[in-house]
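In: with the input below, show me the fold.
(2 chains)
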Amino acid sequence: MQSGKSQAWLTRFLFLNAILTFFLVSLGGKVTSMGVGMSVPDWPQSYGYNMFFFPFDKWLGPGAGGVFFEHSHRLLASLVGLFSIIAALWVAFAETRFWMKVMAFLALFSVAFQGLLGGLRVVLDKYNLGMEFGLTHATFAQLFFSLVCALVLFRSNWWRNASPHPRAASLRPWILATCCIIFVQLTVAATMRHQHAGLAVTDFPLAYGKIIPSISPAAIASYNSSRIEISDSNPITASAVVLHMIHRLLALVIVGLIATCALKSRSILGSSHKITVYNFLWLGLVALQFCLGIATVLTGKSADIATAHVAVGSLTLMTGALLSMGCYRITSPRTALNLRPAPRMQSASSQLA
Amino acid sequence: MNKCLFYSAAVLGLAASLQSLSAADLVGKVTLKGTAPAELAMTTVNADKVCGKMHDQPVFTRHYVVGQGSGLGNVFVYVTAGVDAKSVPPAAEKAPEILDQKGCLYYPYVMGIRTGQKLTIKNSDPVLHNVHSQPKENKEFNFAQPLQNQESEKSFTVPEVLVKMKCDVHNWMFAYIGVVDHPYFAVTDKDGNFKISGLPPGKYTVEAVHMKAGKKSAEVTMAADGGKAAFELEAPAAAK
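Out: Residues are numbered from 1 along each chain as shown, chains lettered A, B, ... in the order given. Next up is the predicted model:
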């Protein structure tokens, strides 16, 4: 067991790893938004060089273009991988909770698996499997980010000293269900992005001037022929339009669910309880995310706006995941057991002795 | 035996020569009905630190190139049926086609090539491009050309109209290649005119393909002195 100072540094280190992971996910979003995922066509090398010895002028030079984003993504991923190794070993030595050690090593294996998925997305692109692996890579990134953030939550004083609140049990399924729907939403979004078909629907709030757009072959041909874009995009398909409309519909459902969770939390736990505060923060995040979604459409899928949409999406899932865990914490029977008044615990143990 | 082979070869050669002598040009025009959507200024090209220096004028997208008489440029026109495979000269005899990367754009934007014919891909820019083909039938390739004036040779084995070429480093760079297994194809000029040379007399099906406006087919009869064909593709309804 390490000193309190060392314990605090471990928490800070895990927090730093979570921040780096957030930037990694955002940079991955930028790579996909710009369509430059294949600008470094080999892996694990970069243009035949060892990744860590790739020439600076090719990476950071004025003509680097998409290479800058893709190679930076790879280097940042390597850094997160290194930090995850250190974090797992540090947790193994410093933590007394066995499940916490398991979680830290799960994060380590996840980052390794995620790196492999990213590499296979590049290597298998020539076999037309780039989209499948890219989609899995993007979706798994969201889970990994939530896991890394959860490690920080488990180390927090709030987690250790959480007060039991059994009435919050009725809030738990709401938050968990919302979280699951957000994950489905992020999977739908990742599928849309990795089809590299640009915007399947180019107007808002209507869709091609209608509430429900036509997906007849003639309509799809018309959408494609009228679309003028700077970057190359694959043709729009009927399934892409359907997916886009599902994404819009799910966005409305998620906003409604998070608002419900926030209101229920206030009514059950009171407005000053941390779960309620973070529920309202969650509501703010999803409102921002909703606006970014609209901006993505209205700007013709500007790479920066689309990247911000990915980044805030990952924060929304992570907040929901942590709230689910927090809610579990304050309603768990073990929490109630751990927080029995100290004198009674002492007298019970002395009786046993 | 040798004499027999010699005479057979001479007769076949003579027949091919006579056929090529009687072959003529199929000429025509592709027009666009309606008004094409406005092209976009490619601000990312002009804003790029290296690529921007190679352009002193704003660069625009090249989806719809409409010229005189509503002629539509960059349309790939090719014979889809009626070609006698025996009369087609080998692709290897043809000079390589050239796809150039210049000013961070592909030239030509649309081109044709035969299966087995060499495609020379050139980088005229002082900046790294990666050449990424995205075929559905042919084998994909994706390689880097970091040096100015670097040339690489590739070829396609299966007919495929159209194969997209792109540069992942510069996401606005893309071009299309029509791959066919005979020499009877052309790409329309800026006024929509095309000429397919050396097509022997006979009946053919000819198709005009545009990446945005779609495709149309026509039955064409080639006489000894040539033939004509006209195609009208339609602009999107919203832009009319």
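In: which residues touch B:Lys33?
Out: B:70, B:232-235 (C-beta atoms under 8 Å, 6 or more residues apart in numbering or on different chains). Quick note: C-beta positions are derived from backbone N, CA and C, even for glycine.
In: how much space separates it from A:Leu250?
Out: Distance from B:Lys33 to A:Leu250, counting by C-beta to C-beta, to the nearest Å: 40 Å.
In: and stretch A:58-65, end to end?
Out: With C-alpha to C-alpha, to the nearest Å applied, stretch A:58-65 spans 9 Å between its terminal residues.
In: list the buried residues of that stretch.
Out: Under the neighbour-count criterion of 16 or more other C-beta atoms under 10 Å in any protein chain shown, stretch A:58-65 has A:58-59, A:61, A:63-65 buried.
In: export those residues to JSON lines and tack on distance to chain B?
Out: As requested, the buried residues of stretch A:58-65 are exported to JSON lines (distance: C-beta to the nearest C-beta, whole Å):
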{"residue": "A:Lys58", "distance to chain B": "7"}
{"residue": "A:Trp59", "distance to chain B": "11"}
{"residue": "A:Gly61", "distance to chain B": "8"}
{"residue": "A:Gly63", "distance to chain B": "4"}
{"residue": "A:Ala64", "distance to chain B": "8"}
{"residue": "A:Gly65", "distance to chain B": "4"}
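In: and those residues as a markdown table, adding secondary structure and pLDDT?
Out: Formatted as a markdown table, these follow (DSSP: H, G, I helix; E, B strand; the rest coil; pLDDT from 0 to 100):
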| residue | secondary structure | pLDDT |
| --- | --- | --- |
| A:Lys58 | helix | 88 |
| A:Trp59 | helix | 92 |
| A:Gly61 | coil | 85 |
| A:Gly63 | coil | 77 |
| A:Ala64 | coil | 84 |
| A:Gly65 | coil | 84 |
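In: which of the contacts of B:Lys33 fall in strands?
Out: Of these, the ones assigned to strands by DSSP state E are B:232-234.
In: select from those residues the one having the most neighbours.
Out: B:Leu233 (23 neighbours; other C-beta atoms under 10 Å in any protein chain shown).
In: quickly list what that residue is bridged to.
Out: B:Leu32 (DSSP bridges).
In: test my guess that it contacts B:Met211.
Out: No. Between B:Leu233 and B:Met211 there is no contact, the gap being 10.9 Å when judged by C-beta atoms under 8 Å.
In: pull the CA atoms of stretch A:182-196 into PDB?
Out: Output in PDB follows, covering the C-alpha atoms of stretch A:182-196 (Å, rounded to 0.1, in the frame of the first residue of the first chain):
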ATOM      1  CA  ILE A 182     -26.700   6.800 -26.700                       C
ATOM      2  CA  PHE A 183     -24.300   3.900 -27.500                       C
ATOM      3  CA  VAL A 184     -26.700   2.700 -30.300                       C
ATOM      4  CA  GLN A 185     -26.800   6.300 -31.500                       C
ATOM      5  CA  LEU A 186     -23.000   6.500 -31.600                       C
ATOM      6  CA  THR A 187     -22.800   3.200 -33.600                       C
ATOM      7  CA  VAL A 188     -25.300   4.600 -36.100                       C
ATOM      8  CA  ALA A 189     -23.200   7.800 -36.400                       C
ATOM      9  CA  ALA A 190     -20.000   5.800 -36.800                       C
ATOM     10  CA  THR A 191     -21.700   3.700 -39.600                       C
ATOM     11  CA  MET A 192     -22.700   6.900 -41.300                       C
ATOM     12  CA  ARG A 193     -19.300   8.400 -41.100                       C
ATOM     13  CA  HIS A 194     -17.400   5.300 -42.200                       C
ATOM     14  CA  GLN A 195     -19.600   5.000 -45.300                       C
ATOM     15  CA  HIS A 196     -17.700   8.100 -46.500                       C
END
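In: which positions in the stretch 51-200 of chain A make contact with chain B?
Out: Where the stretch 51-200 of chain A comes near chain B, counting by C-beta under 8 Å from any C-beta of the partner chain, the residues are A:58, A:62-67, A:70, A:125-126, A:128.
In: again, only using 7 Å
Out: Residues of the stretch 51-200 of chain A lying near chain B by C-beta under 7 Å from any C-beta of the partner chain: A:58, A:62-63, A:65-67, A:126.
In: lowest average confidence, helix or strand, in chain B?
Out: Within chain B, judged by mean pLDDT, DSSP states H and E, the helix or strand with the poorest mean is helix B:2-22; its value is a mean of 52.
In: packing partners of whatever helix or strand A:Arg266 lives in?
Out: A:Arg266 is part of helix A:238-269 when elements are defined by DSSP states H and E. Counting contacts by 3 or more C-beta pairs under 7 Å, 6 or more residues apart in numbering or on different chains; DSSP states H and E, helix A:238-269 is packed against helix A:172-194, helix A:274-298.
In: try it again at 10 Å.
Out: The criterion is 3 or more C-beta pairs under 10 Å, 6 or more residues apart in numbering or on different chains; DSSP states H and E, and the helices and strands that helix A:238-269 contacts are helix A:172-194, helix A:217-226, helix A:274-298, helix A:303-331.
In: averaged pLDDT, that helix. What do you get?
Out: For helix A:238-269, the mean pLDDT works out to 97.
In: the helices and strands packed on helix A:238-269: which one's closest to A:Arg97?
Out: Between A:Arg97 and the helices and strands packed on helix A:238-269, the tightest spacing by C-beta to C-beta is seen for helix A:303-331, at 13.0 Å.
In: show me what counts as buried in the closest one.
Out: Within helix A:303-331, the residues that count as buried by 16+ other C-beta under 10 Å are A:303, A:305-327, A:329-331.
In: of the contacts of B:Lys33, which is the nearest to B:Thr157?
Out: B:Leu233 (29.4 Å).
In: next one, pLDDT for the closest one please.
Out: At B:Leu233, the model reports a pLDDT of 95.
In: just to be sure, A:Arg334 is in a helix?
Out: Yes. Counting by DSSP: H, G, I helix; E, B strand; the rest coil, A:Arg334 is found in a helix.
In: residues contacting it?
Out: A:Arg334 makes contact with A:Pro164, according to C-beta atoms under 10 Å, 6 or more residues apart in numbering or on different chains.
In: what pLDDT does it get?
Out: On the pLDDT scale, A:Arg334 gets 73.
In: kind regards, and thank you for your time.
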